[in-house]
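>>> Requesting a structural model of the entry that follows:
(4 chains)
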There are 4 protein chains.
Amino acid sequence: MGRLSFTEYFHLLLTGDEPTEDQRFFLDLLLVSLAEHGMMPSNVAARMTLAADPGSLQGAVAAGILGAGPVVLGTSEECARLLERGGEPAEIVGRYREAGEKVPGFGHPVHKPVDPRAERILELADQHGVSGLNVELARALHAELGLVMNVAMPIAAVLLDLGFPSAAVKAVPILARTASLLAHLAEEREEPIGFDLAAAAEDAVEYEPDART
Amino acid sequence: MGRLSFTEYFHLLLTGDEPTEDQRFFLDLLLVSLAEHGMMPSNVAARMTLAADPGSLQGAVAAGILGAGPVVLGTSEECARLLERGGEPAEIVGRYREAGEKVPGFGHPVHKPVDPRAERILELADQHGVSGLNVELARALHAELGLVMNVAMPIAAVLLDLGFPSAAVKAVPILARTASLLAHLAEEREEPIGFDLAAAAEDAVEYEPDART
Amino acid sequence: MGRLSFTEYFHLLLTGDEPTEDQRFFLDLLLVSLAEHGMMPSNVAARMTLAADPGSLQGAVAAGILGAGPVVLGTSEECARLLERGGEPAEIVGRYREAGEKVPGFGHPVHKPVDPRAERILELADQHGVSGLNVELARALHAELGLVMNVAMPIAAVLLDLGFPSAAVKAVPILARTASLLAHLAEEREEPIGFDLAAAAEDAVEYEPDART
Amino acid sequence: MGRLSFTEYFHLLLTGDEPTEDQRFFLDLLLVSLAEHGMMPSNVAARMTLAADPGSLQGAVAAGILGAGPVVLGTSEECARLLERGGEPAEIVGRYREAGEKVPGFGHPVHKPVDPRAERILELADQHGVSGLNVELARALHAELGLVMNVAMPIAAVLLDLGFPSAAVKAVPILARTASLLAHLAEEREEPIGFDLAAAAEDAVEYEPDART
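The predicted structure follows:
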């Protein structure tokens, strides 16, 4: 108690080992870069939930985490599985195209033309000498596809190159998202806007359920 | 299988007994009147959650139910406990005022000046001859307070007068809410608006997290 | 208010139409047959959650619904999609085998050698004259595979033959499960066993996290 | 990116300020000491939920967090409010006794005779010179009551003495719990025991729902 940082302890819990300095650095880096403080759909849902049940902070956090699905959070885990399976870039892309699916980790899901975080994570991996086969494959897929690389892909590539098990990759964005949710909810408790958010959403759509009953 | 309706079976599960005709009638009535099909905060949150994770219908339902807290859903259970404890109206009101709390079931929580459903439920209870001591106390409190009666109060009063255990009163609005959520989510799957709702909510507030990091 | 039963209203919310007598009969039948009152994993999880936070009934319900995943609840929705897509039984089975996947709706997921509810639902569909192309295909797949038919398959087949949209098929087991959860949780509030269940589970495994920190 | 540790960033998100060295030290310390890796009810519920829906890690995490209620997780937030309100120990204790309630933070909720973590946190607060009025009041209440001090009380006292807002106190155990859940669930994915846990729980109780229907 008092010896390990929370990040180090999280690494220990997830992998069974205390992290090396590089593992610690990147785990901190990824957790910070994923704990966005903007107003995102899952934060909106969590604030509405807290407004409806102010006594249950854990209920509001749970509602927010349920919104941490693949569309919003990215697909770091699918990326990890793709990288682990490996193969030639052209062949990998062909496999997805044949199945009529998009390659995970490319083409940012929410509006943005570029994801500067993705590029920055890869640069830092190079600088720290941790880029290995997985970062290499991520870049080769990028070249092959010519699409924006989603932050989910470098997260997966760097964690795998650092020896993280693929089954634990998704734990990183979920823990980060939880920190972000908790900050939003602490703010919501002091200055509630949850019902205003809901009202704005309700007003935005002309929702006309058929007059019934 | 095939003998009992779902409402009758729900009564059996909750209380151990098949319902009488009056119990069946009011359980159906309350479930229907609480399964609102409008766009409410918990439906908004559920739709956003489904948009973020389209494969997990149960996750979206869970997020919506988490928003079925006392502020949105009413306080049928607190009303049931108030009624069970009993007492003189003036004394009951005095007790809450002394503790600096509002009397549950009065003063509608969301915007509306009157709740026509509350009045209608009490009328039907009179017509069916099921109004008893609890409906009487609900009305006496209404007279004492001079505030709008929230639908939560007649729900509690009628269920108690029909012999429902107070520990099961809140089950009724939650089951009703679940039906409503499931209908919204089936619609969301065919015509998704969850992200539009979230975007409208995000735009509605000028949310400026301090520039950090 | 007072005219429609909850089941009829649920049909109206989900489909936009009041049900015919056959639609009402089978919706009641399926909801009742799926609202099992036994002690299942999701009821166990919900009871533990209520024990940990007795004030949040909706939190416990949400936890239970989150456990209503495909493994426990069956795969009525996948079955509906399989049936909607249609095709020759041998060809359908071949398609799944080629992809290395099992055909949804066959081979009961939890322990049981047969599922008498599945057979009974199909018989009643025949008796009521509602069995159509989807029930026929379900039976042909059964003959082709020679495996136990899971209750999820007749649920999907009968609902589709009755004109239910496939996007709404999964709503039926989730509403049924919610009723079952609410009954367990009302019982838990009167006679708590949630912590005993957790203790039994904890004792059952020799869980030895490495001594760390 | 890369400058702040996750703990430092979490402090920034929650409070608006980067932490001092003492704030960082204690935030790490509390997060680590609360991220228990044992098999607790909420980990059991989360594992069962993942077993039922292996594709939804966020659903399983949400189910686990819903079990992070006051009984299991302690009552750090109520402790913070008690301390903030202040007063003389005898008077505070009298106030709770009069209301027929137990004083939060004393009398460990789960079976254990002592909570060594509570004592250790207070010692470290003394060593670092951060113990202030809140730690003092926690100790005075301990002396007044003669009951075991729950770890929730020193968490609240130390965070308040370090300038943490009381609305954010509960965020700390929830983030810690999420880390613990994620580690359990990563393990569950590699070596599933969720259904065994559920089966053990089911076997442990002689649950006999009345034969019905």
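>>> May I see the buried residues of stretch A:53-65?
The neighbour-count check on stretch A:53-65 (16 or more other CB atoms under 10 Å in any protein chain shown) flags A:53-54, A:56-65 as buried. For every residue, glycine as well, the C-beta is placed using N, CA and C.
>>> Please read the previous query as pertaining to stretch A:156-165.
Buried, per 16+ other CB under 10 Å, within stretch A:156-165: A:156-162, A:164-165.
>>> Briefly note if it comes near chain C.
No - Stretch A:156-165 lies out of reach of chain C by CB under 8 Å from any CB of the partner chain, never closer than 15.2 Å.
>>> and for that stretch, what are the contacting residues?
With CB atoms under 8 Å, 6 or more residues apart in numbering or on different chains as the test, stretch A:156-165 has contacts from A:14-15, A:22-23, A:26, A:30, A:76-77, A:79-80, A:82-84, A:105, A:121-122, A:125, A:130-135, A:137-138, A:166, A:168-169, A:172, D:186, D:190.
>>> Please name the nearest non-neighbouring residue to residue A:149.
With sequence-adjacent residues excluded and distances taken as CB to CB, 6 or more residues apart in numbering or on different chains, residue A:149 is closest to residue A:118, at 4.7 Å.
>>> So the one you found is in contact with residue A:139, correct?
No - the pair residue A:118 / residue A:139 is not scored as a contact, 10.8 Å apart, by CB atoms under 8 Å.
>>> could you point out which element follows the worst-scoring helix or strand of chain A on mean pLDDT?
Averaged element by element with mean pLDDT, DSSP states H and E, chain A has its least confident helix or strand at helix A:70-73 (a mean of 68). Counting by DSSP states H and E, the element after helix A:70-73 in chain order, helix or strand, is helix A:76-85.
>>> Would you mind listing where chain A has pLDDT under the threshold?
A:1, A:37, A:39, A:72-74, A:108-114, A:206-213 (pLDDT under 70).
>>> if you set the cut-off to 80 instead, what comes out?
A:1-2, A:36-40, A:69-74, A:108-115, A:202, A:204-213 (pLDDT under 80).
>>> Kindly list the longest helix within it.
Across chain A, the longest stretch assigned as helix under DSSP state H is helix A:171-190.
>>> hang on, residue A:33 packs against residue A:124?
No - taking contacts as CB under 8 Å, residue A:33 lies outside contact range of residue A:124: 10.0 Å.
>>> Give me the more crowded residue out of the two.
Set side by side, residue A:33 and residue A:124 show more neighbours around residue A:33, with 21 against 18, by other CB atoms under 10 Å in any protein chain shown.
>>> residues touching the more buried one, list them.
Applying CB under 8 Å, 6+ apart to residue A:33 gives the contacts A:117, A:120-121, A:151, A:176, D:1.
>>> and it, that one's in a helix?
Yes - assessed by DSSP: H, G, I helix; E, B strand; the rest coil, residue A:33 belongs to a helix.
>>> Could I have the buried ones of the contacts of residue A:33 as ChimeraX selection syntax?
Applying 16+ other CB under 10 Å to the contacts of residue A:33, the buried members can be selected in ChimeraX as follows:
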select /A:117,120,121,151,176
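>>> Where strands are concerned, which of the contacts of residue A:33 count?
If you go by DSSP state E, the contacts of residue A:33 have nothing in strands.
>>> and the two most separated of the contacts of residue A:33?
A:120 and A:176 (15.6 Å; CB to CB).
>>> ranges for the helices of chain A?
For chain A, helices defined by DSSP H occupy the ranges A:6-15, A:21-34, A:41-52, A:57-66, A:70-73, A:76-85, A:89-98, A:116-127, A:133-145, A:152-161, A:171-190, A:194-204.
>>> The ones you listed into JSON lines, with extra columns for distance to residue B:199?
Supplementary listing: the helices of chain A in JSON lines, determined by distance: least, CB to CB, whole Å:
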{"stretch": "helix A:6-15", "distance to residue B:199": "33"}
{"stretch": "helix A:21-34", "distance to residue B:199": "21"}
{"stretch": "helix A:41-52", "distance to residue B:199": "8"}
{"stretch": "helix A:57-66", "distance to residue B:199": "17"}
{"stretch": "helix A:70-73", "distance to residue B:199": "12"}
{"stretch": "helix A:76-85", "distance to residue B:199": "24"}
{"stretch": "helix A:89-98", "distance to residue B:199": "29"}
{"stretch": "helix A:116-127", "distance to residue B:199": "21"}
{"stretch": "helix A:133-145", "distance to residue B:199": "27"}
{"stretch": "helix A:152-161", "distance to residue B:199": "21"}
{"stretch": "helix A:171-190", "distance to residue B:199": "17"}
{"stretch": "helix A:194-204", "distance to residue B:199": "8"}
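>>> CSV for the contacts of residue A:33, including distance to chain C?
CSV is the format used below for the contacts of residue A:33 (distance: CB to the nearest CB, whole Å):
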residue, distance to chain C
A:117, 30
A:120, 32
A:121, 28
A:151, 27
A:176, 21
D:1, 29
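>>> ok, residue A:29 to chain C distance?
For residue A:29, the distance to chain C (CB to the nearest CB, to the nearest Å) stands at 23 Å.
>>> Tell me how many other residues surround the residue nearest to that residue when sequence neighbours are not counted.
Spatial nearest neighbour of residue A:29, excluding adjacent residues (CB to CB, 6+ apart): residue D:2 at 5.1 Å. Using other CB under 10 Å, residue D:2 has 16 other residues around it.
>>> Repeat that for residue A:99.
Neighbours around residue A:99, by other CB under 10 Å: 9.
>>> now swap in residue A:85 and tell me
10.
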